[in-house]
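Peer 1: Quick one, structure for this:
(chains A and B)
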There are 2 protein chains.
Amino acid sequence: MLTQSTTLMFLCGIMLCAACNVKDGINLEKQIISIEHAALDRWNNGDTSGYLEIYADEITYFDPSLEIRIDGLEAMKQLYAPIEGKIKTDRYKMINPKVQIYNTTAVLTYNLVVYMRTKEESMKKSYWNSTEVYTKINEEWKIIHSHWSPFNPKS
Amino acid sequence: MLTQSTTLMFLCGIMLCAACNVKDGINLEKQIISIEHAALDRWNNGDTSGYLEIYADEITYFDPSLEIRIDGLEAMKQLYAPIEGKIKTDRYKMINPKVQIYNTTAVLTYNLVVYMRTKEESMKKSYWNSTEVYTKINEEWKIIHSHWSPFNPKS
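Peer 2: Numbering: from 1, shown residues only, chains lettered A, B, ... in the order given. Predicted structure coming up:
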């Protein structure tokens, strides 16, 4: 009887641990997506420092306007300086975000649709693939790699 | 005297550990780049299975021909099936590869130039930004995220 009780308690313990891990994973996914949303909100109102504050010193960065990868936070500050305060979009939509977690590294991927009103008051949309690799550094989640690329929807 | 010797041995130990860590890091960088080169060699000779064999089951994938992110190895096999045996390039050049290591996750980034001979025998070049996120699964390095995007050099 004691053996059965011990086995039951052991199995319950394992199930509880598994349930906690799943909950931790879901919470972390929400946390990463929330950090990204906060940076996007600021970016779409002209504030480039939202991203700069969560870039790690060793960030690597690709976007289609560049001929080479940008390496390091200082280089990112120089890249963003000319556009600070100049971006103003109508709204954006983060589509199908997914967070893959490996220890203290989290890979966030999503599609982004940006809606921007033209001078003629029509709505222009741009479509992006986004990769943001986050790592926990000194208890804070920082982006250590970012890759943006445009795509053209067929419909 | 004993205290000095002990301190000296302790410091030597720390220096040796640091040297080993640097060496391990450099070896891992070489290993990751070598795995990627092997897959690229096969890809540029029409063999898509070079990549398929190192994609993890949970791979996520972006390229500019897609409207949505591809999730999972089975979907990748379906994506590559129609082009199996059909890609033949003249040569390729991996430019400025960089490996960022965080525990058992490694982020490889590089630019790729692909040289392809046209029917008129002129050489056509295409330029790519590449992100490959590797993680160690069952003692093997597997790609868990891949993002390809083209860029146009200004010169």
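
Peer 1: From chain B, how far out is A:Tyr127?
Peer 2: 8 Å (Cβ to the nearest Cβ, to the nearest Å). Any C-beta I mention is one placed from the backbone N, CA and C, and that applies to glycine too.

Peer 1: If that residue is in a bridge, with which residues?
Peer 2: A:Val113 (DSSP bridges).

Peer 1: next one: the one 4 residues further on
Peer 2: In this structure, A:Thr131 bridges to A:Thr109, A:His147 when assessed by DSSP bridges.

Peer 1: Do you know the pLDDT at it?
Peer 2: A:Thr131 carries a pLDDT score of 98 in this model.

Peer 1: thought it was touching A:His145?
Peer 2: Yes. Using Cβ atoms under 8 Å as the test, A:Thr131 is close enough to A:His145 to be in contact (7.2 Å).

Peer 1: near chain B, which residues of chain A?
Peer 2: By Cβ under 8 Å from any Cβ of the partner chain, the residues of chain A that approach chain B are A:58, A:60, A:62, A:64, A:66-69, A:71, A:96, A:98, A:100, A:102-105, A:107, A:109-111, A:129, A:131, A:133, A:135, A:144-145, A:147-151, A:153-154.

Peer 1: Of those, just the buried ones, ChimeraX syntax please.
Peer 2: Restricted to buried positions by 16 or more other Cβ atoms under 10 Å in any protein chain shown, the ChimeraX selection for the residues of chain A next to chain B reads:
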select /A:60,62,69,100,102,105,107,109,110,111,129,131,133,135,144,145,147,148,149,151
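
Peer 1: And A:Arg42, its phi and psi?
Peer 2: Backbone torsions for A:Arg42, taken as degrees, to the nearest 10, come to phi -70, psi -40.

Peer 1: Tell me, how many residues neighbour it?
Peer 2: 17 (other Cβ atoms under 10 Å in any protein chain shown).

Peer 1: what's the neighbour count on the closest residue to it other than its chain neighbours?
Peer 2: The shortest distance from A:Arg42 to any non-neighbouring residue, by Cβ to Cβ, 6 or more residues apart in numbering or on different chains, is to A:Gly50 (3.0 Å). Neighbourhood size, A:Gly50 [other Cβ under 10 Å]: 17.

Peer 1: For A:Gly50, which residues are in contact?
Peer 2: A:Ala38, A:Ala39, A:Leu40, A:Asp41, A:Arg42, A:Trp43 (Cβ atoms under 8 Å, 6 or more residues apart in numbering or on different chains).

Peer 1: what's the closest of the residues you listed to chain B?
Peer 2: A:Leu40 (17.3 Å; Cβ to the nearest Cβ).

Peer 1: Distance check, the residue of chain A found nearest chain B against B:Pro150.
Peer 2: Here chain A gets closest to chain B at one residue, A:Ser149, 3.1 Å apart by Cβ to the nearest Cβ. Counting by Cβ to Cβ, to the nearest Å, the separation of A:Ser149 from B:Pro150 is 8 Å.

Peer 1: overlap in contacts of those two?
Peer 2: A:Pro64, B:Pro64, B:Asn129.

Peer 1: Give me the distance between the closest residue to the last one other than its chain neighbours and B:Thr131.
Peer 2: The reference is to B:Asn129. Distances taken as Cβ to Cβ, 6+ apart place A:Phe62 nearest to B:Asn129, at 4.1 Å, with adjacent residues excluded. Plainly put, A:Phe62 is 7 Å away from B:Thr131 if you go by Cβ to Cβ.

Peer 1: Find the residues that touch each one of these two.
Peer 2: Common neighbours of A:Phe62 and B:Thr131, using Cβ under 8 Å, 6+ apart, are A:His147, B:Thr109.

Peer 1: Would you map the strands across chain A?
Peer 2: Assigned by DSSP state E, the strands in chain A fall at A:55-62, A:70-71, A:91-102, A:105-117, A:123-137, A:140-150.

Peer 1: out of these, nearest to B:Glu140?
Peer 2: strand A:91-102 (14.1 Å; Cβ to Cβ).

Peer 1: Show residues contacting the closest one.
Peer 2: Residues outside strand A:91-102 that contact it (Cβ under 8 Å, 6+ apart) are A:25, A:28-29, A:32-33, A:36-37, A:40, A:44, A:106-115, B:58, B:60, B:68-69, B:71, B:103-105, B:135, B:144-145.

Peer 1: Would you check that the residue nearest to B:Asn129 makes contact with A:Glu132?
Peer 2: No. With contacts defined as Cβ under 8 Å, A:Phe62 does not count as touching A:Glu132, sitting 11.6 Å away.

Peer 1: what sits in contact with each of those two?
Peer 2: With Cβ under 8 Å, 6+ apart, A:Phe62 and A:Glu132 have common neighbours A:Ser146.

Peer 1: Now for chain A, the helix or strand with the poorest mean pLDDT.
Peer 2: In chain A, no helix or strand scores lower on mean pLDDT, DSSP states H and E than helix A:2-43, which sits at a mean of 79.
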